[in-house]
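Q: 3D model of this:
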Amino acid sequence: MTEANVQRSRDDLFNFLDFAGSKGLMKKATAGAYKNACGVILNILDESEATDLSKIDLERIILRHRNLAAGKIPPKTLKTYEIRVRAAVSNFIEYNRDPSSWKPSVKQRAPRTSALKKSKSLVSPNLKEPEKLGIPSQPSVHIDFQIHISPETTEKQLDQIFASMRRYLYGSPADK
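A: The predicted structure follows:
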């Protein structure tokens with residue numbers, strides 16, 4: 001493919017993401033998420049910028065979009081979009097350089113059930129049991145609380161407060 005025939009426009013990026021998702025080069029959901037993020041952020045490009053994505057300063061475009069989206073898109077969502085756009089544009093440009101040997105830079109997560117099975121099988125049999133290491137085998141709950149007692153509280157009231165705590169927190173039979 002000669003340099004003159006390479007298409008690197010914003011629309012070509014969207015077509016590439018559709019192609020990559022439909023051909024199994026990346027998960028359809030990933031390609032869709034990339035396409036959605038690119039649609040949001042790359043929408044600010046004017047037509048001259050959108051014709052060749054390999055020539056744009058992507059970080060500057062992202063900064064421009066961040067300034068325009070301030071207060072409209074939550075920061076966490078905006079950060080996710082930015083990460084996806086960087087990955088999508090990078091994959092798109094890499095694909096255009098050499099389509100026959102291109103592999104997506106997307107790291108695929110293992111399905112949850114197989115990940116759980118893998119994690120159990122990866123535990124070394126030589127490891128000591130958690131109880132031998134002083135780690136409880138069951139989860140435990142630890143609750144801290146503070147009591148603010150007025151300086152005007154009488155001694156009798158203090159005794160009643162602490163007797164109540166013993167009764168309800170420790171189940172002390174002496175105070176029942």
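
Q: Residue most distant from the centroid, the protein?
A: The C-alpha centroid of the chain is most remote from residue 156, which lies 54.6 Å away (CA atoms, centre = their mean).

Q: Let me see the contact set for that residue.
A: Contact partners of residue 156, counting by CB atoms under 8 Å, 6 or more residues apart in numbering, are absent. C-beta: built from backbone N, CA, C; applies to glycine.

Q: check which helix or strand covers it.
A: Taking DSSP states H and E as the definition, residue 156 sits inside helix 155-165.

Q: what do you get for residue 36?
A: Assigning secondary structure by DSSP H and E places residue 36 in helix 28-41.

Q: Could you point out the helix or strand that follows that helix?
A: Next element after helix 28-41 (DSSP H and E): helix 47-50.

Q: hang on, the earlier thing: and the residue farthest from the centre of the chain, how close does it get to residue 62?
A: As judged by CB to CB, to the nearest Å, residue 156 and residue 62 stand 67 Å apart.

Q: Tell me, how many residues neighbour residue 65?
A: For residue 65, the neighbour count with other CB atoms under 10 Å is 21.

Q: residue contacts, it?
A: Counted by CB under 8 Å, 6+ apart, residue 65 has contacts 40-41, 44.

Q: What distance do you get for the residue nearest the centre of the chain to residue 34?
A: Centroid-nearest residue in the chain, with CA atoms, centre = their mean: residue 80, separated by 7.6 Å. With distances taken as CB to CB, residue 80 is found 11 Å from residue 34.

Q: Equivalent analysis for residue 50, please.
A: Computed as CB to CB, the residue 50 to residue 34 distance reads 16 Å.

Q: before we move on, the earlier item: which of the contacts of residue 65 count as buried?
A: Burial by neighbour count, 16 or more other CB atoms under 10 Å: within those this picks out 40-41.

Q: Output the contacts of residue 65 as TSV; include the columns distance to residue 10.
A: Shown next, in TSV, are the contacts of residue 65 (distance: CB to CB, whole Å):
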residue	distance to residue 10
40	12
41	10
44	11
